[in-house]
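any chance you can model this:
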Amino acid sequence: MKALLLNGSPNKQGSTYTALGFIKEALEEEGVAAEIFHVPPEPIAGCVACHKCKAGGARCAFDGDAVNLILEKMEQADALVVGSPTYFASPNGHLIAVLDRVFFAGTASATIFNGKPAAAITAARRGGATAALEVMQKYFTIAGMPIAPSSYWPMIHGRAAADVVQDAEGVQSMKMTGKTIAWLLKCIEAGKAEGLSYPRYPDGEKVWTDFIR
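Next up, the predicted model:
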């Protein structure tokens with residue numbers, strides 16, 4: 001079992017990275033391998049809804065940045081954690097551009113995300129963290145990913161990495177996030193051993209409708 005942890009902060013080893021480190025530690029204690037992948041801070045274009053990924057095997061048509069690499073890593077991973085600093089009560093805009101493309105292309109294949117536990121975590125100096133969490137969690141719900149619970153909202157507070165380690169409740173929340181992801185993974189494995197699998201679409205394939213018809 002393996003979890004992919006995305007560090008969506010431009011600061012490679014700042015507060016968000018430190019928070020993800022606590023999750024990684026908890027996962028590994030439970031026997032789950034974990035990789036922290038830093039989303040490169042270079043400028044990246046957002047999704048333009050060209051739909052070419054739908055015919056391209058769940059790959060973004062715009063290659064050369066981190067998006068397809070993340071998709072490749074996600075194909076091999078059993079769980080996902082996305083971490084972001086809090087900017088104006090929202091995740092880092094750079095990360096949003098990445099997630100838009102990753103999930104738009106990734107949902108072209110039902111095997112990349114469906115049934116894989118996920119969690120979003122935020123680092124904030126003071127406020128806005130819960131609003132940022134809601135933005136990231138919506139990616140998971142549309143992709144069929146069970147959201148792992150924690151002991152409180154999965155957020156940690158501090159201006160810098162040295163500060164967040166002093167947020168005892170935040171640290172515990174990060175560790176519990178790792179523990180519950182591991183627990184969900186083990187429950188899913190136990191279910192598979194009994195012949196259970198992720199539900200299929202009731203009508204055989206995904207239904208698309210517009211509100212005007």
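
paired strands for the lengthiest strand in the chain, with orientation please.
Using DSSP state E to assign secondary structure, the strand with the most residues in the chain is strand 79-87. Next to strand 79-87 in the sheet, as set by DSSP bridges, lie strand 2-7 (parallel), strand 90-91 (antiparallel), strand 118-124 (parallel).

list the buried ones in the helix or strand following the first one?
I take that to be strand 2-7. Scanning forward in sequence from strand 2-7, with DSSP states H and E defining helices and strands, the next element found is helix 15-29. For helix 15-29, the neighbour count (16 or more other C-beta atoms under 10 Å) marks 15-24, 26-27 as buried. Quick note: C-beta positions are derived from backbone N, CA and C, even for glycine.

assign Tyr152 to helix, strand or coil.
Under DSSP: H, G, I helix; E, B strand; the rest coil, the three-state class of Tyr152 is coil.

Val48 versus that one, what's the distance?
Noted for Tyr152: a distance of 38 Å to Val48, by C-beta to C-beta, to the nearest Å.

next: Gly178.
As judged by C-beta to C-beta, Gly178 and Val48 stand 35 Å apart.

and if you look at Glu189?
According to C-beta to C-beta, Glu189 stands 38 Å off from Val48.

quick one: mean pLDDT for stretch 40-54?
Model confidence over stretch 40-54 averages 87 on the pLDDT scale.
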